[in-house]
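A.B. asks: Here is my input; please provide its structure:
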Amino acid sequence: MTEDTRNGGKGTGVPSEAPGGAGAGAGTGSVTVTGDVSAFGGGATPPPGNRGQDPGTPGGSPPGGPSGTCAAAEHGGGPAIGPAPGSRTAVYAVTRPGLKIAGIIAAGLSGDLYAPERLAPSSPPGTFTYTSFRELIAATFHRYKGHVAVAATGLMVRAVAPHLVDKKTDPAVVSLGQDGRFAVSLLSGHLGGGNDLARAVAELTGGTAVVNTATDIESKPSLEVLARDCHLAIEDFARLPPVSRVLSEGGRVPLYDPDNFLAPRLVEWRRFFPPIAESSAFDPDAPGHPRTPSVYVDYRMRPFPREALIMRPPALALGVGCHRDLDVADLTGLIDKVLADSLLSPLSLALISTAEIRASEPALQELARRFSRPLVVQSMEALAAVQTPNPSDKVYEKIGVFSVCEAAARLAARMGPLLVPKHKNSKATCALALMNY
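C.D. replies: Below you'll find the model as predicted:
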């Protein structure tokens, strides 16, 4: 494959900055972000040709709070450094008749259009051209959140098959004929957004979305989609199929969600999710304790039932202070111990927060990459204005504020309560605050 040369408004090969990587939503580097940052990762910088546009995931819901539609971790304080939000869609034409409708789809989704080299003269400006469709898919498959092929379903299936990993990381794939009548969701219909992508494509073409996932057919809720939209991390995907099977067959799934991270999204399906009382949630001998597949939404480490599907909300803001030039192991060792000792799930970390004078510290940036969380920078003035339970005269003498980790945690949590006060080792300090949604 050749790289993009932008010759006369056309490009060849794959955009050198196409987003994403082999993982789903994993951070790809530390960048400055000025907008809200999702708790669970994002993409990288959009590729050339449509810079500055972020179509997001088709059909996705805007983040809110536990009292609204769902909970998402928007950062508090200053700019965020870490994984940038956003995702893009690749749209492929294979034939001349398919090029026109592919162009409509790419424009409507703010996606990247690919066409055979032989169609370059009649392709829209900004189109990327290719010589081999299979080689192209091999290069682009894990670089995009979604793929739409105006091509035969069999062609797309055979092209993507060698690159499939699992439902947690595979992107959405949709195919449709060159008449645009049927947009078929082929892959990652729920978690990857394939069903929503098929619906978005069908709306653009005036066609029909073909979706055959069981919960959609039965008009039942998809917990993968709800988890994605509410930025909830599913702890063990092996526990998801039994829950989905109960729902698709019209059964009821007991729900424990004391902080209302998921429950507000289940209003129309409330009858399928009877609440689990606190008194019976963790006592296997108590009446009402679930003995069938259930859902538990909690940021704490608890004695969950064996068959429970556990969802982790973005509930924790991690504040960090450190010496210069420390090793990242000094940070991760401290944070892992504090989380374990406090019985808090690392999957519920929403963001990492520190002082502006430590923003460029390599160990902090590496920490953000390892956790795939944004690194939020707080000004010294903001830190100085926060009262904390463990002020330090030594810290004040060095940098002019009495607290870094506790103050940074509370600022990033929108002044939510301090859940874990300052802990330290010889190189770093950390504290945890509960996000105030």
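
A.B. asks: Spatially nearest residue to S294, not counting backbone neighbours?
C.D. replies: P254 (4.2 Å; C-beta to C-beta, 6 or more residues apart in numbering). Quick note: C-beta positions are derived from backbone N, CA and C, even for glycine.

A.B. asks: Quick check: phi and psi on L223?
C.D. replies: The phi and psi values for L223, taken as degrees, to the nearest 10, are phi -70, psi -30.

A.B. asks: and R118, how many neighbours?
C.D. replies: 10 (other C-beta atoms under 10 Å).

A.B. asks: what do you get for P303?
C.D. replies: Counted with other C-beta under 10 Å, the neighbours of P303 add up to 9.

A.B. asks: can you start the count at 745 instead of 1 from here on
C.D. replies: Understood, numbering begins at 745; the last thing we discussed is P1047.

A.B. asks: and it, how far is that from A1025?
C.D. replies: Using C-beta to C-beta, to the nearest Å, P1047 is found at 9 Å from A1025.

A.B. asks: Would you mark the buried spots in stretch 872-881?
C.D. replies: Using 16 or more other C-beta atoms under 10 Å as the burial criterion, the residues of stretch 872-881 that qualify are 872-874, 877, 880-881.

A.B. asks: Quick check: the farthest pair among the residues you listed?
C.D. replies: Largest separation among the buried residues of stretch 872-881 by C-beta to C-beta: T873 and I881, giving 14.5 Å.

A.B. asks: Provide a list of residues in contact with the residue nearest to S1038.
C.D. replies: Residues near P998 by C-beta atoms under 8 Å, 6 or more residues apart in numbering: 1017-1020, 1034, 1036, 1038-1039.

A.B. asks: I'd guessed L1091 sits against H975; true?
C.D. replies: No: contact criterion C-beta atoms under 8 Å: L1091 and H975 do not qualify, at 10.9 Å.

A.B. asks: Phi, psi for N1180 please.
C.D. replies: Per-residue torsions, N1180: phi -100, psi 100 (degrees, to the nearest 10).

A.B. asks: and it, what does it touch?
C.D. replies: Shown in contact with N1180 (C-beta under 8 Å, 6+ apart): 1157-1161.

A.B. asks: Would you mind measuring from it to P1161?
C.D. replies: Counting by C-beta to C-beta - N1180 and P1161 are separated by 8 Å.

A.B. asks: Check D910 too.
C.D. replies: 37 Å.

A.B. asks: and if you look at P1037?
C.D. replies: Distance, P1037 to P1161, using C-beta to C-beta: 33 Å.

A.B. asks: again with D1027
C.D. replies: D1027 is 27 Å from P1161, by C-beta to C-beta.

A.B. asks: What of R840?
C.D. replies: Per C-beta to C-beta, R840 is found 62 Å from P1161.

A.B. asks: Of the two, give the one with the bigger neighbour count.
C.D. replies: R840 (13 against 10).

A.B. asks: Name all residues that make contact with that one.
C.D. replies: Contacts of R840 by C-beta under 8 Å, 6+ apart are 863, 866.

A.B. asks: Report pLDDT for it.
C.D. replies: Note on R840: pLDDT of 93.

A.B. asks: ok, it to L1060 distance?
C.D. replies: The gap separating R840 from L1060 is 54 Å, by C-beta to C-beta.

A.B. asks: swap in Y1000?
C.D. replies: According to C-beta to C-beta, Y1000 stands 18 Å off from L1060.

A.B. asks: Looking at these two, which one has more neighbours?
C.D. replies: Per other C-beta under 10 Å, whichever of Y1000 and L1060 has more neighbours is L1060, with 30 against 26.

A.B. asks: how close does that one get to N1180?
C.D. replies: In terms of C-beta to C-beta, L1060 sits 12 Å off from N1180.

A.B. asks: what's the closest of the contacts of N1180 to T1173?
C.D. replies: Nearest to T1173 out of these is A1157 (C-beta to C-beta; 16.5 Å).

A.B. asks: For the closest one, which residues are in contact?
C.D. replies: With C-beta under 8 Å, 6+ apart, A1157 has these contacts: 820, 1061, 1177-1180.

A.B. asks: In strands, which of the residues you listed fall?
C.D. replies: Here DSSP state E is the test, and the contacts of A1157 give 1061, 1177-1178 as lying in strands.

A.B. asks: By neighbour count, which of those residues wins?
C.D. replies: Going by other C-beta under 10 Å, A1061 tops these with 32 neighbours.

A.B. asks: Quickly list what that one is bridged to.
C.D. replies: In this entry, A1061 is beta-bridged to L1095, A1177, by DSSP bridges.

A.B. asks: quick one: it and L1176 touch, right?
C.D. replies: Yes: contact criterion C-beta under 8 Å: A1061 and L1176 qualify, at 6.9 Å.

A.B. asks: Find the residues that touch each one of the two.
C.D. replies: A1153.

A.B. asks: The nearest residue to G950 once chain neighbours are set aside: what secondary structure?
C.D. replies: Distances taken as C-beta to C-beta, 6+ apart place G924 nearest to G950, at 6.9 Å, with adjacent residues excluded. Secondary structure, DSSP: H, G, I helix; E, B strand; the rest coil: G924 is coil.

A.B. asks: Tell me which residues touch G924, please.
C.D. replies: Listed by C-beta under 8 Å, 6+ apart, the contact set of G924 reads 845, 894, 949-951.
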